[in-house]
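Visitor: here's my sequence, what's the structure:
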Amino acid sequence: MAGGVSRRIFLKSLGTSAVTAAALGADTVSQGLAQANAERAQGPGAVAVAFTVNGEKRTLMVEPRVTLLEALRGNLGLTGAKEACDRATCGACTVLLNDTPVYACSMLAIEAQGAAITTIEGLARDGKLTALQQAMVEQDGLQCGFCSPGMVMVLTALLRKNPHPTEAEVRRAIAGNLCRCGSYPRIVAATLAASGQKPVTQLNVISLHDHALA
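Guide: Okay, the predicted model is just below:
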């Protein structure tokens, strides 16, 4: 083909590129396998895991398969984080890992090695609730209370990062936390109250006193 690339040359160059890419891929896989083989295997027996929980350094002996939630509840007796869905969909097990909300049910305890963990038990100091916890009480943001610890933890992280969030930002922050009682409006109102704000949307409250039971 005059002034261009023939079909034969094109196919030949394509084949050369494919071989080169395959060789590079093989090298990458080989390097990955070498790195994996060099890492020290842990388990199946218990291994030492050290992290800081609510400001206190703790070292546990747990099997590598133990989740962070199981370690907190079973080994440390911190039962504030709840085990509900156990598949990272409801947020009841939320704790802070280096000030970032995480689902403790879907994280292994050994993955938290060396981290700073905060649970709901670590928020109140000397029996005094945080502004958010107090607002949750005053705004009646709790019903059954099962989701409340996770809600408070994720909203605590929000307020630490953004002391004056908008209502939309609060709703976005709790999008990964399920309240089966449907207390979202009151939870949002409590968060805004803790930041010195009021809800923009109307909060309708149904009182049993307004509807006499037969």
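Visitor: what's around residue 95, how many residues?
Guide: 29 (other Cβ atoms under 10 Å). Where C-beta positions appear, they are placed from N, C-alpha and C, glycine not excepted.
Visitor: so residue 122 is in contact with residue 58, correct?
Guide: No. Using Cβ atoms under 8 Å, residue 122 makes no contact with residue 58, being 12.0 Å away.
Visitor: can you pull the contacts of residue 149?
Guide: 80-82, 92, 94, 119-120 (Cβ atoms under 8 Å, 6 or more residues apart in numbering).
Visitor: could you dump the residues you listed into TSV with pLDDT and secondary structure added?
Guide: Listed next are the contacts of residue 149 as TSV, based on pLDDT from 0 to 100; DSSP: H, G, I helix; E, B strand; the rest coil:
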residue	pLDDT	secondary structure
80	97	coil
81	98	coil
82	97	coil
92	97	coil
94	98	strand
119	98	coil
120	98	helix
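Visitor: return the helix or strand in this structure with minimum mean pLDDT.
Guide: Lowest by mean pLDDT, DSSP states H and E among the helices and strands of the chain is helix 7-38, with a mean of 64.
Visitor: following element in sequence after that helix, please.
Guide: Proceeding N to C from helix 7-38, the next assigned helix or strand is strand 47-53, under DSSP states H and E.
Visitor: just to revisit the earlier point, report the two of the contacts of residue 149 separated the most.
Guide: The most widely separated members of the contacts of residue 149, counting by Cβ to Cβ, are 92 and 119 (12.4 Å).
Visitor: next, show the common contact partners of the two.
Guide: Jointly contacting residue 92 and residue 119 under the rule Cβ under 8 Å, 6+ apart are 81, 149.
Visitor: so for these two, which sits in the more crowded spot?
Guide: residue 92 (25 against 22).
Visitor: shouldn't the more buried one be in contact with residue 147?
Guide: Yes. With contact defined as Cβ under 8 Å, residue 92 reaches residue 147; the gap is 5.4 Å.
Visitor: ok, residue 110 - contacts?
Guide: 42, 47, 49, 62, 64.
Visitor: could you do residue 76 as well?
Guide: By Cβ under 8 Å, 6+ apart, the contact set of residue 76 is 53, 58, 60.
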